[in-house]
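In: pasting a predicted model and its sequence here:
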Amino acid sequence: MRLIRDFEERLHVENRTGEIAGFTHLYAGQEAIAVGVCENLDDRDYIISTHRGHGHCLAKGCDPKGMMHEIYGRADGLCKGRGGSMHIADLDKGMLGANGIVGAGQPIAVGAAVACKLRKDGSVSVSFGGDGATNQGTVFEAMNMAVVLKLPKVFIIENNGYSEHTGASYGIGSDVVRRTEGFGIPVFQADGFDFFSVHEAARQAIEHARSGKGPSAVYAVATRYFGHFEGDPQNYRAKGEVERFRAEKDCLMGFRNKVLEAALLDAAELDRIDAEIAGLIDASVQSARAAAPPPASAVYDDVYISY
C-alpha cells in the first residue's frame, strides 16, 4: 500500500512538469482494495484493470521501475513505452492490462476465466471496475455469461463515490449489490478503507470461484484523493472532503494503527518500509527521465501478431 501511495503521489507532482504524455488517473486512497484482493492471488491468476490502473498493477507484482518507465513513454517500459498510464500490461504477472474504456475489462476477464476453467488448475480471473462501470451493458453481459458458464470469475466493484464527476447516489438508479446478486452472483461486502476487511471479503469470493462454484463479487466503498484525471478541478466535491478522508479514514493510517496495536509489526519496521519505498520511487523517476524513448523505426513493430 505504501508503494502504491508513494508511486501515485509522486506522479501527481511529476505530471505537472509536462514530461508525462497523455491522461493520468491516480489510485491514491483506494490502496486497501487492490492490495486486499491481490494478496489472495498468485501467479496463475489473472487480473484486468481500469483507466485507474497503477494500484492494481503494483498490487499484482508488476515492477514499479518498469511501470514508471512505461508512464514516461520509454523504450524499456513494461510495454516498450507504447501503453502509457492507461494501458500498462504485464502478462508474466497475470496482469492483462489497464483499460481506457469503462467497463471493457469485465468481458475480457470472462474470456480469461474460460481459460482458467478449461485448464482445471484452480486459477481465477479477477476484474476491477468502479461504480461508473456498473452502469455499462458490457458489465451486465459479462456477469450473465460468467453465471451461465459457471466460470471462476471474480468481479471487484470499487465504489469511490463519483464515477467520473457524478455522485453515485445520483448516477446509479438501484443498489449495486442487489443488482449484482440479481444475476445470481454472491457479493461479499467490505470496507474499502480497511485492508483487513477487503482481504477477508476477497478471500471468501476467490475461494468461492476457485472451488468451482461459479462467479462471485466483492463490493467495497472508498474514495480517491485526487481528481478523476490529473487536472480535474473537482468542483463536484465538498470543501475539505479529501482532507477529512485523509485524516479520519486513510487506509495506510488505519493499517499502521491496527498492526501496532496487535503487535504484528513495530513502528521501526514500518518506518523502514516507508524509507525504502521513498528511495525506490525517487530512483525510478530519475531512471525514467534518463531513459531513451522508442526509436521512430519501431513504429510498425507489434502492430499485428502472426499466428
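Out: Cool, the structure landed. Model, not experiment: these values are computed from the prediction. Numbering: from 1, shown residues only.
In: how far does stretch 138-153 sit from its chain's centre?
Out: 20 Å (C-alpha atoms, centre = their mean, to the nearest Å).
In: oops, could you answer that again for stretch 172-192 instead?
Out: Distance, stretch centre to chain centre, for stretch 172-192: 19 Å (C-alpha atoms, centre = their mean).
In: closest to the centroid, which residue in this protein?
Out: The residue lying closest to the centre of the chain (C-alpha atoms, centre = their mean) is His56, at 3.0 Å.
In: who touches that one in this structure?
Out: Neighbouring residues of His56 by C-beta atoms under 8 Å, 6 or more residues apart in numbering: 27, 34, 38, 47, 49-50, 95, 98, 128. (C-beta placed from N, C-alpha, C; glycine too.)
In: which one of these is nearest Asn160?
Out: Relative to Asn160, the closest of the contacts of His56 is Tyr27; by C-beta to C-beta it sits at 9.3 Å.
In: what sits against Cys251?
Out: 1, 29-32, 192-195, 222.
In: before we move on, what about Glu39?
Out: 59, 199, 202.
In: what do you get for Ile4?
Out: Taking C-beta under 8 Å, 6+ apart, we find Ile4 in contact with 27-28, 31, 34-35, 54-55, 58-59.
In: where's the residue nearest to the centre of the chain, which helix or strand?
Out: According to DSSP states H and E, His56 maps onto helix 54-59.
In: after that helix comes which helix or strand?
Out: Next along the chain after helix 54-59, taking DSSP H and E as the criterion, comes helix 64-71.
In: quick one: average confidence on that next one?
Out: For helix 64-71, mean pLDDT is 98.
In: can you give me the offset of the helix or strand following that helix from its chain's centre?
Out: Of the helices and strands lying after helix 64-71 in sequence (DSSP H and E), the nearest is helix 105-119. In terms of C-alpha atoms, centre = their mean, the centre of helix 105-119 is found 18 Å from the chain centre.
In: counting contacts, what elements does the top helix by length along the chain pack onto?
Out: Assignment by DSSP state H gives helix 267-290 as the longest helix of the chain. Counting contacts by 3 or more C-beta pairs under 8 Å, 6 or more residues apart in numbering; DSSP states H and E, helix 267-290 packs against helix 2-14, helix 64-71, helix 251-261.
In: what's in contact with it?
Out: 2-3, 6-7, 10, 14, 19, 64-65, 67-69, 71-72, 74, 256, 259-260.
In: how about Gly129, secondary structure?
Out: Using DSSP: H, G, I helix; E, B strand; the rest coil, the three-state assignment for Gly129 comes out as strand.
In: correct me if wrong: it contacts Glu158.
Out: Yes. Gly129 is in contact with Glu158 according to C-beta atoms under 8 Å; the separation is 7.0 Å.
In: just want the angle from the longest helix of the chain to helix 2-14.
Out: Angle of helix 267-290 versus helix 2-14, following axes from the mean of the first three to the mean of the last three C-alpha atoms, to 10 degrees, is 40 degrees.
In: now the angle from helix 267-290 to helix 64-71?
Out: 40 degrees.
In: okay, buried residues for helix 267-290 please.
Out: Under the neighbour-count criterion of 16 or more other C-beta atoms under 10 Å, helix 267-290 has 270, 277, 280-281, 284-285, 288 buried.
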